[in-house]
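S.K.: Have a look at this prediction, sequence included:
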Amino acid sequence: MKVAGFGFRRDVTLASLREALLAAGDPEGLTAMATVSDKADAEPLKQLARECGVPIKAVPADMLAGIATPTWSNLVAEKFGTGSVAEAAALAAAGPRARLISTRVVSQDRTATAAIAEGDGA
């Protein structure tokens, strides 16, 4: 299972999410997208998921806490207890033995981050 994880600001656009995903890697073969639960219903993310033909996995914020990530944001760590929402969401959604194949990348306008993980599924 190949999962793209996303972190983003409320005012994110479809273009910013798409840019972050493409910068993270080839979306070919994605089986799902993931983000923190309170943002899973964001319209731009739903549009991108439809474009890619994959579901969105909503990851509860408490599941993100404690997931070790190779990149780190102090703001994200204070709010979620992990260094990167994109990386942690991708890892959580891809399953217990998941590994990142792309670390967090940031869109040029800095409103979206994306990372990609592979795993056996949750």
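M.R.: Looks like it arrived, so ask away. Numbering: from 1, shown residues only.

S.K.: what ranges of the protein fall below the confidence cut-off?
M.R.: Residues of the chain meeting the criterion pLDDT under 70: 122.

S.K.: cutoff 50 now
M.R.: Low-confidence segments of the chain, defined by pLDDT under 50, are absent.

S.K.: which residues of it fall in helices?
M.R.: Applying DSSP state H to the chain gives helices spanning 14-24, 43-52, 61-64, 74-80, 85-94.

S.K.: Which one of the ones you listed lies nearest to Ala34?
M.R.: Among the helices of the chain, helix 85-94 comes nearest to Ala34, with 3.6 Å by CB to CB. Bear in mind the C-beta positions are built from the backbone N, C-alpha and C, glycine included.

S.K.: Let me know the angle separating that closest one from helix 14-24.
M.R.: Going by axes from the mean of the first three to the mean of the last three CA atoms, to 10 degrees, helix 85-94 is angled at 70 degrees with respect to helix 14-24.

S.K.: one step back: of all the helices of the chain, which one is nearest Ala114?
M.R.: helix 14-24 (3.8 Å).

S.K.: burial count for Ala58?
M.R.: When neighbours are defined as other CB atoms under 10 Å, Ala58 has 16 of them.
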